[in-house]
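K.L.:
Sequence first, predicted coordinates after that:
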Amino acid sequence: MVLAVLVGFDAAGEPLLGPRITGNEAANAPGLEVVRRLGLASPVILCLPPAVLAAPPTEAISELLCEASCIVGPFRLENADDARAWLDAGAKQALFVQPDSSEQPLASTVKDAAAQVGIPGERLMLLVSVPLEPAHPPGLVDRLVADITSLAAPNGVGCYECCKPETVGIVSGILLVMPRGFHGEGELLNKLGPLAASDRLQVFLGGLASQSAASIGQLHQPYMLHVVGTASLADTRHFPHPLPPPPALAQGAAALGALFADPPLELGPCIAACVRTDRSDGLFPTLVVEADGAALGLVYSSAASIGAALSCGRGVYWSRSRQALWRKGDTSGAWQTLRRIRLDCDGDALAFTVTQHGNPPAFCHKSTLSCWGAPTGLQHLQVILRQRKASAPPGSYTKRLFDDANLLRNKLVEEAQELAEATEPDHVAAEAADLFFFAMTRCVAAGVGLADVQSHLDRRALKLGRRPGNAKADRIAAGDAILKAKTSEGGQVGGRSAKQQWMPIAAMLAALVVVVASRR
């Protein structure tokens, strides 16, 4: 996490962009796609007018919430039910305006309000505005730090990414906006730095006297202090176009709106400034992984290649042999959609999460998906099923399943029952393997991949509300009817030869079942 990117929206729920934000390459991309690219490497703060926040997010914005790490707001505490709806739709955190002056301490006010609507601390952020004083009154910084510390977790765990209920205070983070000419900036940063470095609280800073890629890198290491501001996908400093207009925000968020008057920072150099390298060429080791978690290969990135990848939303790296940008797929056709850029815990390596395209989808120069050989387990099953769907050999049982929807449906019901009735560990694992084979066949038949399934699991993990989870009588009756018909026919529904091919991965699948169950 490096630069938290501010994006304003108009009253119609459309992002306020323009050439100063998009640059030339992304100028024709849809607005929400530009916002997705701005959020590939760090959170994107969606600043929406009150009327838009009061309505459920549109389908297009809901999709953005699921694809990027989005902080949404600013909400007032009395509108916390609206925030809950956005969090249920996939927003990672809701940004709340600091409550009006109260006789209660700040921590108590925020905690009481959050408890009333059931929003956990790890999903809350608070907008704190440093008061504009004609002079630097004695004790101002100490009072601010005391208020902020009261919101933090008592202790950190040494891992900034471990944002769990047991390691979060009343809120997960604050967005602190300082007025121009604030004389206590240096003192405030020195006192907040240790708080953020111990991962007791995420601290985002807006209105700094000096904002550049270099200063962002200096705040990132070692303090994990994060800068908030607008960003561009290219170097647009010399563009003649005006900045986008600021959004109309909730009462009490004027300081946040003022940040939109600052010129945007080019995002690529800001990310590169937060990565450490001991290589003489200044490059960053970069692991390329599929959206379903499969490792594809190891490459290298530079500040220029990171910026190019963000601008076009594709996998772009640095070729050490050619000493030039390597736009994956330009010559081979095996291009990549860039899904996410992550910095590792030590800040010295990157991971690019991608969707690999091509015919066949291949990252390796040997025309295989991965540079580490053929995939195993579910990834291997997915590859084989996709091959069978495209071109199955004569007599293929999998081809029968693709062509006979009723047969596939009956096998899913049969195998689900057998898994439910299994008791011994190895038997449970074997039946899980059977069920996963047929479930993956159903997914591939519908054009669904493992990454799509994992995306739904991630979305459900973000929901604040849960359904009771009771069994559905009508679905049980329908399944019983299928099983009864199978029994009356005196035989099994379909053969077993195809599924028996996947028995060696039974243990791995049983572990996956446990993971899936734990995330519901």
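P.N.:
It's in. Bear in mind that the values here come from a model prediction, so they are computed numbers and not experimental data.
K.L.:
Next, the buried residues of the longest helix seen in the chain.
P.N.:
Using DSSP state H to define each element, the chain has its longest helix at helix 425-445. Of all the residues in helix 425-445, those buried under the rule 16 or more other C-beta atoms under 10 Å are 428-445. The way it works is simple: take the backbone N, C-alpha and C, and place the C-beta from them, glycine included.
K.L.:
same deal with stretch 212-221?
P.N.:
Within stretch 212-221, the residues that count as buried by 16+ other C-beta under 10 Å are 213, 215, 216, 217, 219, 220.
K.L.:
of all those residues, which comes closest to residue 96?
P.N.:
residue 219 (23.7 Å; C-beta to C-beta).
K.L.:
And the helix or strand that contains the closest one, what does it pack against?
P.N.:
Assigned by DSSP states H and E, residue 219 belongs to helix 213-220. When contacts are defined as 3 or more C-beta pairs under 8 Å, 6 or more residues apart in numbering; DSSP states H and E, helix 213-220 sits against strand 225-229, strand 265-266, helix 267-272.
K.L.:
For the longest one, which helices and strands make contact with it?
P.N.:
Counting contacts by 3+ C-beta pairs under 8 Å, 6+ apart, the secondary-structure elements packed against helix 267-272 are strand 3-8, helix 213-220, strand 231-232, helix 303-312.
K.L.:
Relative to the whole chain's centre, how far out is that helix?
P.N.:
18 Å (C-alpha atoms, centre = their mean, to the nearest Å).
K.L.:
And for the first one?
P.N.:
Using C-alpha atoms, centre = their mean, we find the averaged C-alpha position of strand 225-229 to lie 18 Å away from the chain's own average C-alpha position.
K.L.:
quick one: strands adjacent to that strand?
P.N.:
According to DSSP bridges, strand 225-229 forms sheet pairs with strand 3-8 (parallel), strand 202-206 (parallel).
K.L.:
Take the ones you listed and lay them out in TSV including mean neighbour count, mean pLDDT and distance to residue 15.
P.N.:
Conversion of the strands paired with strand 225-229 to TSV gives the following (neighbours: other C-beta atoms under 10 Å; pLDDT from 0 to 100; distance: least, C-beta to C-beta, whole Å):
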stretch	mean neighbour count	mean pLDDT	distance to residue 15
strand 3-8	26	94	6
strand 202-206	24	92	19
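K.L.:
Of these, which is nearest residue 474?
P.N.:
strand 3-8 (44.2 Å).
K.L.:
ok, back up a step: most packed of the helices and strands packed on helix 213-220?
P.N.:
Highest mean neighbour count of the helices and strands packed on helix 213-220: helix 267-272, a mean of 26 (counted as mean count of other C-beta atoms under 10 Å).
K.L.:
what comes into contact with that one?
P.N.:
2-3, 5, 38, 41-42, 213, 216-217, 227, 231-233, 284, 302-304, 306-311, 341, 343 (C-beta atoms under 8 Å, 6 or more residues apart in numbering).
K.L.:
Among those residues, name the buried ones.
P.N.:
Members of those classed as buried by 16+ other C-beta under 10 Å are 2-3, 5, 38, 41-42, 213, 216-217, 227, 231-233, 284, 302-303, 306-311, 341, 343.
K.L.:
what mean pLDDT would you report for stretch 297-315?
P.N.:
Stretch 297-315 shows a mean pLDDT of 96 in the predicted model.
K.L.:
Centre of the chain to it, how far?
P.N.:
18 Å.
K.L.:
Between the two ends of that stretch, what distance do you get?
P.N.:
12 Å (C-alpha to C-alpha, to the nearest Å).
K.L.:
so where's this structure uncertain?
P.N.:
Scanning the chain for pLDDT under 70 picks out the ranges 1, 101-102, 133-137, 156-167, 486-520.
K.L.:
Could you chop it up by domain?
P.N.:
3-272, 284-356, 377-518 (automatic domain parsing).
K.L.:
Same list, those, but as a markdown table with distance to residue 371 please.
P.N.:
A markdown table is the format used below for those (distance: least, C-beta to C-beta, whole Å):
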| stretch | distance to residue 371 |
| --- | --- |
| domain 3-272 | 23 |
| domain 284-356 | 4 |
| domain 377-518 | 14 |
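K.L.:
measure residue 119 to residue 125 for me?
P.N.:
Here residue 119 is placed at a distance of 11 Å from residue 125 (C-beta to C-beta, to the nearest Å).
K.L.:
Counting neighbours, go ahead and name the busier of these two.
P.N.:
In this view residue 119 and residue 125 are compared by other C-beta atoms under 10 Å, and residue 125 has more residues nearby, 25 against 21.
K.L.:
Just say helix, strand or coil for that one.
P.N.:
strand (DSSP: H, G, I helix; E, B strand; the rest coil).
K.L.:
Helices of the stretch 401-520 of the chain, residue ranges please.
P.N.:
All helices of the stretch 401-520 of the chain, identified by DSSP state H, counting those that start in this stretch, fall at 405-421, 425-445, 450-462, 473-488, 497-500, 506-518.
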